[in-house]
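Asker: Attaching a predicted model along with its sequence, questions to come.
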Amino acid sequence: MIVLTLLPGLFVARADKLVMTLDRAIALARVNSVDAAVALNELRASYWQYRSYRADLLPEVNFNATMPSYSKRYSSYLQSDGSYTFVRTSNLGLAGTLSMTQKLWFTGGTVSLQSSFDMMRQLGRGAYSRYMAVPAVLTLNQPVFAANSVKWNRRIEPVRYREAKAQFLSQTETVAMSAISHFFDLVLADENLKIARQNLANDEKLYEVALAKRSMGTISENDVLQMHLNVLNSRSTLTDAETNRTNCHFRLATFLGLEDDGAEIVPVVPERLPHIDLIYDRVLVKALENNRFAYNQRRRQLEADYSVASAKGNMRSINVYAQVGLTGTGDHPSMAYSPLRDNQVVEVGVSIPLIDWGKRRGRVKVAESNRRVVENTLRQEAANFRQNLFVLVERFNNQQRQVEIAAMADTIADRRYQTNVETFMIGRISTLDLNDSQTSRDAQHSAYYYSLFNYWYYYYQIRSLALWDFVTDTSIDADFEKLIRGK
């Protein structure tokens, strides 16, 4: 298991320079980057959503009270002869209720236990007080045909949370991919700056040689002008390279959260590449075990099934309500508890549409059609996922060879340029051949670092899909409890 933590000792600070390795850049990005913070906050949101679901399965205890309720007003009153009159009422009331409610996940109903105490005092002339106590009331509310949302949530929500955790791990690998992009942008900018400085020095030297040769009449005026033009172009290229290097440095420092340090980042390219031969079938197994894709497909299938079950359950409705308990009243609080009388309520509510012109059945058909659409979409996504993963594995395996070829081509192009410089000095090749070899050398040098970038980018892209480190052959995981709690 690889725990996502900040790894110390992967860079060395020297005065105003910060020597940065690729591993350190990735570690810093996982901790300091905005993308990492967004991923962590999304994980925390998913965690608290899951916690809310878990809490919804536990008993809920509530206390409600009215302390006090005062009323002084006129109210209509029906007299014995059938006529109405208005009477003035003035009373004071106190009420308190303690209840505990539990959802029944296996039936979808709810059961609650409740205890309450009420006091009413009639104010004014002939004032008196009355008390009512309900020591215990047990209530059951049970729908019969409706879809059991609690049971469905027990199937969906754990899958949703596992999907969120896998998504977070994939996002941390995506952050690593962004760090790799910024890191190699700076590497390439550094190399281009070095080449631009070297080319300017060479072109200035060759221009001096060309002027000397022109004075001796061994080369044409056109070649001298071409060498002068090369010097001007090299100066322009150097200016562009310096600007590009500054921009790439700023982007990397900002991404890693180092923009306030003020130190110059000096990227260090890994000297050796781990040789990994990935087997598609093994990568696919790890991806299907760990990637959020599998959880996402399972969740969407369950949600589609739940929609169909809900539509079918809403075609008719029967609800059973039952309540049993004890009640007592009296002129004194103690008298409200003795004697106690039973209090029972049983209700069966039925709602069956007689004529709805097929509206409810149409909703069932819509839900079933949507489920078939989801199933077809999931099959297509699964095929695309496997195909994209296969192509990615093949690219990575081929990229290891591409790096070797690019390194050889870079060496050959540099030797060719150096040879052409020496040959030009003795006047055996033209400026066009020299410029061609310089352009080829610069292109091959950039191609080499670009092939290195592709190697690491492909590797971390595969890691983000399989959530597996194929170098150490261990899973990519995290201490989620620590991350969520922020410890």
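Answerer: Nice, I can see it.

Asker: helix/strand/coil for Thr423?
Answerer: What DSSP: H, G, I helix; E, B strand; the rest coil gives for Thr423 is helix.

Asker: Distance check, the residue of the chain most remote from its centre against Arg361.
Answerer: Distance from the C-alpha centroid of the chain peaks at Asp81, with 73.4 Å (Cα atoms, centre = their mean). According to Cβ to Cβ, to the nearest Å, Asp81 stands 55 Å off from Arg361. To be clear about C-beta, it is placed using only N, CA and C from the backbone, and glycine gets the same treatment.

Asker: just checking, the residue farthest from the centre of the chain is part of a helix?
Answerer: No. Going by three-state DSSP, the assignment for Asp81 is coil, not a helix.

Asker: And it, what's its pLDDT?
Answerer: On pLDDT, Asp81 comes in at 87.

Asker: those helices in the stretch 351-487 of the chain, which residues are they?
Answerer: For the stretch 351-487 of the chain, the helices defined by DSSP state H, counting those that start in this stretch occupy 359-425, 431-466, 480-485.

Asker: do the same with the chain
Answerer: Counting by DSSP state H, the chain has helices at residues 22-32, 34-56, 149-216, 221-255, 280-290, 292-313, 359-425, 431-466, 480-485.

Asker: As a markdown table, the ones you listed with mean pLDDT and mean neighbour count would be great.
Answerer: Below are those laid out as a markdown table (pLDDT from 0 to 100; neighbours: other Cβ atoms under 10 Å):
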| stretch | mean pLDDT | mean neighbour count |
| --- | --- | --- |
| helix 22-32 | 93 | 21 |
| helix 34-56 | 93 | 15 |
| helix 149-216 | 91 | 19 |
| helix 221-255 | 90 | 17 |
| helix 280-290 | 94 | 16 |
| helix 292-313 | 92 | 19 |
| helix 359-425 | 90 | 15 |
| helix 431-466 | 88 | 20 |
| helix 480-485 | 87 | 14 |
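
Asker: now those in a markdown table, with distance to Val87?
Answerer: Formatted as a markdown table, the helices of the chain follow (distance: least, Cβ to Cβ, whole Å):
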| stretch | distance to Val87 |
| --- | --- |
| helix 22-32 | 74 |
| helix 34-56 | 47 |
| helix 149-216 | 48 |
| helix 221-255 | 77 |
| helix 280-290 | 75 |
| helix 292-313 | 49 |
| helix 359-425 | 50 |
| helix 431-466 | 77 |
| helix 480-485 | 61 |
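
Asker: circling back: distance to Asp203 for the helices of the stretch 351-487 of the chain - can I get that in TSV?
Answerer: Putting these into TSV (distance: least, Cβ to Cβ, whole Å) gives the following:
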stretch	distance to Asp203
helix 359-425	10
helix 431-466	9
helix 480-485	54
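
Asker: who wins for proximity to Gln114 among those helices?
Answerer: helix 359-425 (34.5 Å; Cβ to Cβ).

Asker: what's the angle from that closest one to helix 431-466?
Answerer: Helix 359-425 and helix 431-466 are oriented at 150 degrees to each other (axes from the mean of the first three to the mean of the last three Cα atoms, to 10 degrees).

Asker: centre of the chain versus helix 359-425, how much separation?
Answerer: The chain centroid and the centroid of helix 359-425 are separated by 22 Å under Cα atoms, centre = their mean, to the nearest Å.

Asker: which helices and strands sit right next to it?
Answerer: When contacts are defined as 3 or more Cβ pairs under 8 Å, 6 or more residues apart in numbering; DSSP states H and E, helix 359-425 sits against helix 149-216, helix 280-290, helix 292-313, helix 431-466.

Asker: at 6 Å what do you get?
Answerer: helix 280-290, helix 292-313, helix 431-466 (3 or more Cβ pairs under 6 Å, 6 or more residues apart in numbering; DSSP states H and E).

Asker: Out of the ones you listed, which gets nearest to Phe106?
Answerer: Among the helices and strands packed on helix 359-425, the nearest to Phe106 by Cβ to Cβ is helix 292-313 (15.3 Å).

Asker: quick one: the residue lying closest to Glu381 once chain neighbours are set aside from Val209, how far?
Answerer: If the residues on either side of it in the chain are set aside, Glu381 comes closest to Gln297, at 7.1 Å by Cβ to Cβ, 6 or more residues apart in numbering. The spacing between Gln297 and Val209, counted by Cβ to Cβ, is 68 Å.
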